[in-house]
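Q: just the structure for this:
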Amino acid sequence: MQIRVSAQEKAAIRRAAKRAGMDMSSYVLERVLSLPARRFRDLVEACAGPGPTSFPLAELNSLLSGFTAAELREAIAAAPAVTLTPFLANYIAAMVEYACERRALALPAWTRAISPLSDPAFGTALQALRLHLLSHSPPPFRRRNIFIDATLGNRI
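A: Presented below is the predicted three-dimensional model:
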């Protein structure tokens, strides 16, 4: 993308970027992109990173739960740009779909493009709880073949 700025504007941007310890492109993007979208993207990337996913997923849960309808719409407009395992892609898509349903928002196209898991994934290894999970999982998770007892806004 190219934008036209005067020499004075370019110099001002360069100085501001230097004060922030960033290059000009990063500085402009940081100022232009929305905070909700950036925070959503950062947490999805954290889920894809090394290490356990439980903490980034819990943070993502809190983030999606706290968004207003407008913030949610803005945050999830673009598909995550990171490669996720099929389980994580479905789990995050289900969280987003659940948040959208709670706020009566249309589902983003990118969630519909994620194929449900071929094998069921349960939130526990305890066989005795599986019937409970099958009947109590929120619909967006069930549609994706993920069976859990708590969802957006809830903590285990």
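Q: grab the longest helix from this protein for me.
A: Counting residues, the longest helix found in the chain (DSSP state H) is helix 86-102.
Q: show me the protein divided up by domain.
A: 1-32, 34-147 (automatic domain parsing).
Q: hey, which of those is tucked in deepest?
A: Among the domains of the chain, domain 34-147 has the highest mean neighbour count (mean count of other C-beta atoms under 10 Å), at a mean of 16. Placement of C-beta: from N, CA and C, glycine included.
Q: make TSV from the domains of the chain and add mean pLDDT to it.
A: Below are these laid out as TSV (pLDDT from 0 to 100):
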stretch	mean pLDDT
domain 1-32	83
domain 34-147	92
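Q: could you check how far Arg142 is from Ala94?
A: 9 Å (C-beta to C-beta, to the nearest Å).
Q: ah, wrong one, I meant Gly66
A: For Gly66, the distance to Ala94 equals 18 Å [C-beta to C-beta].
Q: show me what contacts the nearest residue to Glu71 once chain neighbours are set aside?
A: Excluding its sequence neighbours, the residue lying closest to Glu71 (C-beta to C-beta, 6 or more residues apart in numbering) is Pro36, at 4.4 Å. Contact analysis of Pro36 by C-beta atoms under 8 Å, 6 or more residues apart in numbering lists 67, 71-72, 74-75.
Q: now with 7 Å?
A: 67, 71, 74-75 (C-beta atoms under 7 Å, 6 or more residues apart in numbering).
Q: go on, Pro86?
A: Contact analysis of Pro86 by C-beta under 7 Å, 6+ apart lists Leu117.
Q: on that earlier part again, ok, so of the contacts of Pro36, who is nearest Arg15?
A: Glu74 (29.3 Å; C-beta to C-beta).
Q: so that closest one, which of the three states?
A: Following DSSP: H, G, I helix; E, B strand; the rest coil, Glu74 is assigned to helix.
Q: ok, it to Tyr91 distance?
A: For Glu74 relative to Tyr91 (C-beta to C-beta), the value is 22 Å.
Q: got it, and Pro138?
A: Distance, Pro138 to Tyr91, by C-beta to C-beta: 12 Å.
Q: coming back round to it: distance from the helix or strand the residue nearest to Glu71 falls within to the middle of the chain?
A: Taking DSSP states H and E as the definition, Pro36 sits inside helix 35-48. On the basis of C-alpha atoms, centre = their mean, to the nearest Å, helix 35-48 is displaced by 6 Å from the centre of the chain it belongs to.
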